[in-house]
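Participant: Okay, sequence plus prediction incoming.
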Amino acid sequence: MKGDILVLSEHKGEDIDNITYELLTKGREIADISGVKLLALVLGENTDSAAKTLSAMGVVDNVLVVNHQALNDRNTETYCNAISQVVKEFNPGVFLLGYTFLGMEIGPWISARMNVSLVSNCVDLEISDGVTTVTRPMHNGTLHVKCHLPEESLHVVSFQKGALNRQAEWKTAISSAISPVSVDIDEAALKSRVIGLVEAVGEVDITKSEIIVSAGRGIGDKANLKLLQDLADVLGGTVAGSRAVVDMGWLPLERQVGISAKTVTPKVYLACGISGASHHVAGMGDSDTIIAINKDPNAPIFNVAHYGIVGDVLEILPVITEEARNTMR
């Protein structure tokens with residue numbers, strides 16, 4: 001691989017999103033194999049806390065910081081203007097970012113603006129015999145394809161949240177360098193403007209739930225949601241669902257888990273009749289414990305589940321509920 005590895009940090013204030021740690025873990029692995037540097041890019045206004053957090057990890061060779069008030073409203077156009085200038089200055093070989101709301105906008109934009117390749121929604125990146133290969137799902141995760149990346153140009157690669165391992169601790173405690181980077185942002189020339197940020201409000205905020213019992217198309221009928229609600233009531237949890245369930249009107253939008261809806265990180269996520277399409281996994285892959293129930297032993301959800309039960313969810317749920325009820329008496 002030619003050129004360093006650049007990772008885009010996603011953060012809100014001083015809180016670093018887990019996708020950033022996953023990307024840095026993979027980036028460090030590939031940088032060590034290739035003999036190149038790992039760079040982290042922090043964008044925004046008042047980014048000192050986020051930059052210091054990444055520096056203190058001791059995993060990044062250099063934390064690049066673009067601190068500009070125009071980046072405060074998270075306008076994608078402004079982000080891309082800044083990122084393209086950083087990429088031109090530091091000339092990385094690979095630019096890694098999350099396949100998140102932000103990454104889904106930035107990836108194609110940077111690819112088109114800089115006339116470089118984009119491979120999105122990936123689950124792995126590896127180097128063998130000098131060849132860089134990325135793996136991405138197809139057909140709702142039922143197949144995976146491997147793509148070779150030629151060395152002659154920059155590649156933009158985005159990853160599903162939860163697809164990569166995050167290293168818990170690093171051997172070194174040496175802080176990385178923090179390097180301010182200046183960019184030219186002409187706010188008057190922007191073609192788009194953010195006029196406000198609106199927080200989604202609903203009956204229940206599933207992002208705060210520690211236990212989620214989630215429904216997929218495999219539960220068969222809206223009436224069967226009662227089985228999930230019974231279990232959720234016993235466990236003190238919340239019922240949520242996949243996009244298919246919400247599209248059919250079985251649950252309201254605020255209960256949808258997935259990349260186009262809510263990202264959840266409960267202690268326990270029970271996937272009931274959910275196939276495990278990539279856009280759903282991206283919204284729950286960081287759950288502490290994932291339990292999947294599905295008739296299909298080859299369902300992609302079992303690739304991310306810590307525990308799997310192959311069988312009819314309508315028969316299994318009442319048994320689990322009764323056992324849980326007896327245990328808690």
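Facilitator: Noted; the coordinates are in hand.
Participant: Now do the residue most central in space within the chain against residue 280, distance only.
Facilitator: Per CA atoms, centre = their mean, the C-alpha nearest to the average position across the chain is that of residue 161, at 2.2 Å. Counting by CB to CB, to the nearest Å, the separation of residue 161 from residue 280 is 11 Å. Using the backbone N, CA and C atoms, a C-beta is placed for each residue, glycine as well.
Participant: Quickly list what's touching both of these two.
Facilitator: residue 259 (CB atoms under 8 Å, 6 or more residues apart in numbering).
Participant: What about residue 14, how many residues nearby?
Facilitator: 13 (other CB atoms under 10 Å).
Participant: Assess the claim that it and residue 46 are in contact.
Facilitator: No. Residue 14 is beyond contact range of residue 46, at 9.4 Å (criterion: CB atoms under 8 Å).
Participant: what helix or strand is the nearest residue to residue 309 once chain neighbours are set aside on?
Facilitator: In space, and not counting its chain neighbours, residue 309 is closest to residue 293: 4.6 Å by CB to CB, 6 or more residues apart in numbering. Using DSSP states H and E, residue 293 maps to strand 289-294.
Participant: ok, now residue 240?
Facilitator: Using DSSP H and E, residue 240 falls in strand 238-241.
Participant: Which SSE is immediately downstream of that strand?
Facilitator: That would be, after strand 238-241 and using DSSP H and E, helix 243-247.
Participant: Tell me the strands beside the helix or strand following that next one, with direction?
Facilitator: Counting by DSSP H and E, the next helix or strand C-terminal to helix 243-247 is strand 268-272. Note on strand 268-272: by DSSP bridges, its sheet partners are strand 211-215 (parallel), strand 289-294 (parallel).
Participant: a markdown table for those, including mean neighbour count and distance to residue 262?
Facilitator: What follows is the strands paired with strand 268-272, written out as a markdown table (neighbours: other CB atoms under 10 Å; distance: least, CB to CB, whole Å):
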| stretch | mean neighbour count | distance to residue 262 |
| --- | --- | --- |
| strand 211-215 | 28 | 10 |
| strand 289-294 | 22 | 16 |
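Participant: residues in contact with whichever strand or helix holds residue 109?
Facilitator: Using DSSP H and E, residue 109 sits within helix 101-114. Contacts to helix 101-114, defined as CB under 8 Å, 6+ apart, come from residues 8, 10, 74, 76-77, 79-80, 83-84, 87-88, 95, 97, 99, 116-118, 120, 154, 156, 158, 259.
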